[in-house]
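Participant: Structure for the following, please:
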Amino acid sequence: MFVVATAGHVDHGKSTLVRALTGIEPDRWEEERRRGLTIDLGFAWTALPSGREVAFVDVPGHERFLGNMLAGLGPVPVVCLVVAADEGWRAQSGDHRDALAALGIEHGLVVLTRIDKARGDVAEVRARVRRELAETGLAEAPMVEVSAVTGAGLDVLRVALDDVLAAVPPPDPGAAVRFWVDRAFTVVGAGTVLTGTLPAGTVRSGDELELIGADGARRVTVRGLQRHGGDAAEVGPVSRVAVNLRGVAPEGVRRGDVLVTPGTFPLTAVIDVRATGIDPDHGVPEWLTVHAGTAAIPARVRPFDGDHLRLTLARPAPLTRGDRLVLRDPGAHRIVGGARVLDADPPALRRRGDGARRAGALAGLEAGEGLMAEVERHGAVSRERLAGLGFGTVVPGGVRVIGDWWVHEDALAEWQLRLRALVDELHRTDPLAAGLSLGAARDALALPDPSLLRTVVDGAGVESAGGVLALPGHRTDLGPAEAPVAELERRLASAQFAAPEADDLAALKLGTRELAAAERAGRLIRLADGVVLSPKAPALAMRELARLPQPFTTSEARRALGTTRRVAIPLLEHLDSRGWTRRLDAGHREVAR
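Facilitator: Below you'll find the model as predicted:
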């Protein structure tokens with residue numbers, strides 16, 4: 001499946017040639033047929049001698065319809081440049097050549113039409129065309145002489161076109177979809193239909209896509225598909241496609257809107273680009289129109305140097321690194337040049353000299369440093385975002401892959417240092433605190449994704465337990481509570497089961513926070529009902545209970561331990577919970593064997 005766009009000066013026979021090759025009238029409007037002048041995009045299709053199916057996008061040649069022409073060329077990878085043999089190179093031939101150069105189109109052929117009207121040898125016309133195309137991707141394109149009226153040369157043209165298409169690199173049917181809309185209309189009984197060229201990816205009936213337009217983005221569902229006039233369950237690249245959408249009004253869709261695979265192409269309104277084909281005598285105006293795909297978007301220009309620009313678009317568009325754009329001066333009705341997107345998510349420029357520094361950075365992006373610079377700038381970037389920005393899959397040195405995130409090693413090291421400093425500061429200011437909670441750590445570090453915290457913790461020299469982070473050994477440092485806890489330990493050492501009363505704890509100034517810190521440090525244990533004992537108490541209790549006749553009652557246990565019911569009951573329940581004792585009924589227990 002292939003799609004070819006026509007190009008060339010007005011009235012040089014583009015539509016006539018498409019009609020002769022396909023048998024389909026590409027001019028859709030009555031006015032076009034009446035005036036013999038193509039105004040908008042036309043479409044036709046046929047099969048070549050090899051069996052290859054090819055669709056044609058026929059574009060207008062008149063300068064007044066330059067925007068329509070660019071909408072037809074934008075998404076199409078192959079071109080058929082038409083020059084009338086009896087007239088030769090003309091003004092719009094140059095405009096169309098500049099558009100082809102700006103888009104970086106390298107596959108196509110030149111057709112010298114109206115050969116039946118040419119007087120004598122057309123060698124001069126051929127030579128002029130070669131000179132005009134010398135600096136473009138079509139410099140070596142095959143050139144065929146035809147007459148669409150008499151049919152002369154059409155078979156040769158079909159074979160030549162077959163050869164050109166055979167050399168076109170195959171598109172990726174598994175790629176994300178980015179389908180630029182060139183028409184939107186209503187079909188009775190079907191609803192809204194969008195047409196365009198699918199350069200990569202595959203669209204299937206029932207797919208959920210994202211429709212991006214001037215009013216923002218919304219999810220839509222593919223109700224049906226057509227290709228070359230017939231229904232299809234799925235369509236792959238490169239194809240002319242009609243997409244029937246469910247629940248979308250045609251007045252809500254316009255040329256330049258885009259259907260994309262959800263979550264694959266980040267929207268951007270600011271892009272840094274390398275300019276191409278700029279005439280130094282004219283330069284670049286402050287305002288121009290950026291043509292991307294089928295869209296025409298006003299943009300403000302900020303030059304950095306002779307090669308690099310920043311374009312601020314009037315509305316966001318799903319552009320990515322490597323995209324080719326056409327820059328047009330709408331006032332002068334001329335193509336200023338082209339541009340290749342280097343950065344679809346550039347940094348803000350606020351300080352004096354940022355423009356000059358940015359020019360140097362963009363030169364580095366062109367030298368292949370783009371992915372590393374993107375990861376370094378953000379610290380961590382998701383794999384999905386990198387793909388949406390047009391970067392490859394080779395991991396550069398200095399970058400760690402953590403799950404779905406690419407993390408700059410310097411950023412990781414900085415996060416780890418900051419985390420240790422945060423934990424250390426908390427210990428100094430609040431020694432009784434268990435440590436820094438995981439949530440507080442995430443918020444303080446402003447990590448782009450919670451999944452990165454584990455790797456940060458692992459290299460920060462901190463310990464994680466119970467949902468908090470602490471420095472090693474912190475749990476033995478009780479700060480102001482050290483002295484009262486030591487006094488309580490002394491008392492319990494002489495009477496292990498004589499738990500202090502609430503008044504005793506208050507006199508020692510041991511409240512909930514102090515006791516919790518002591519328990520985390522392994523200095524005390526807290527049982528139910530505010531009973532505080534030594535950590536050795538459970539083991540010592542088991543020694544005494546094992547000496548009792550089995551089973552034993554709560555009263556027998558209380559007497560063996562020399563304590564009160566206030567202590568005995570929660571202590572026995574604690575032993576039950578650890579599986580050291582087993583409760584037989586309401587009044588009896590036994591030591592578990």
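Participant: Scan this protein for its longest strand.
Facilitator: Among the elements of type strand in the chain, defined by DSSP state E, the one spanning the most residues is strand 216-227.
Participant: State the paired neighbours of the following helix or strand past that strand in the sheet, together with their directions.
Facilitator: Next along the chain after strand 216-227, taking DSSP states H and E as the criterion, comes strand 230-232. Each strand pairing with strand 230-232, determined using DSSP bridges, is listed with its direction: strand 216-227 (antiparallel).
Participant: roughly how far out does the strand it pairs with sit from the chain middle?
Facilitator: Here the centre of mass of C-alpha atoms in strand 216-227, compared against the chain's by Cα atoms, centre = their mean, to the nearest Å, lies 20 Å away.
Participant: first to last residue in stretch 581-590, what's the distance?
Facilitator: Using Cα to Cα, to the nearest Å, the span of stretch 581-590 from its first residue to its last is 6 Å.
Participant: which other residues reach that stretch?
Facilitator: Outside of stretch 581-590, the residues within contact range by Cβ atoms under 8 Å, 6 or more residues apart in numbering are 542, 545, 550-554, 557, 572, 575-576, 591-592. For every residue, glycine as well, the C-beta is placed using N, CA and C.
Participant: Show residues contacting the longest strand of the chain.
Facilitator: Taking Cβ under 8 Å, 6+ apart as the criterion, the residues outside strand 216-227 that touch it are 1, 190-191, 203-211, 231-235, 239-248, 259, 262, 267.
Participant: which parts of that strand are buried?
Facilitator: A217, V220, V222, R223, G224, L225, Q226, R227 (16 or more other Cβ atoms under 10 Å).
Participant: chain center to the lengthiest helix in the chain: distance?
Facilitator: Longest helix in the chain by number of residues, with DSSP state H as the criterion: helix 409-429. The chain centroid and the centroid of helix 409-429 are separated by 30 Å, computed with Cα atoms, centre = their mean.
Participant: Could you list every helix and strand in contact with the next helix-or-strand element following that helix?
Facilitator: Using DSSP H and E, the helix or strand that directly follows helix 409-429 along the chain is strand 436-437. Applying 3 or more Cβ pairs under 8 Å, 6 or more residues apart in numbering; DSSP states H and E, one finds that strand 436-437 contacts helix 409-429, strand 468-470.
Participant: Counting by contacts, list what the longest one packs against.
Facilitator: If contacts are counted by 3+ Cβ pairs under 8 Å, 6+ apart, helix 409-429 sits against strand 399-402, strand 436-437, helix 438-445, helix 453-458, strand 468-470.
Participant: List the buried residues of it.
Facilitator: Using 16+ other Cβ under 10 Å as the burial criterion, the residues of helix 409-429 that qualify are A411, L412, W415, Q416, R418, L419, R420, L422, V423, D424, L426, H427.
Participant: helix, strand or coil for the residue nearest in space to the middle of the chain?
Facilitator: For the chain, the residue nearest the mean C-alpha position is R385 (2.9 Å; Cα atoms, centre = their mean). Classification of R385 by DSSP: H, G, I helix; E, B strand; the rest coil places it in helix.
Participant: Would you mind listing the residues in contact with it?
Facilitator: The contact partners of R385, by Cβ under 8 Å, 6+ apart, come to P266.
Participant: Against V260, how distant is it?
Facilitator: 14 Å (Cβ to Cβ, to the nearest Å).
Participant: for R442, same thing?
Facilitator: Using Cβ to Cβ, one obtains 31 Å as the distance from R442 to V260.
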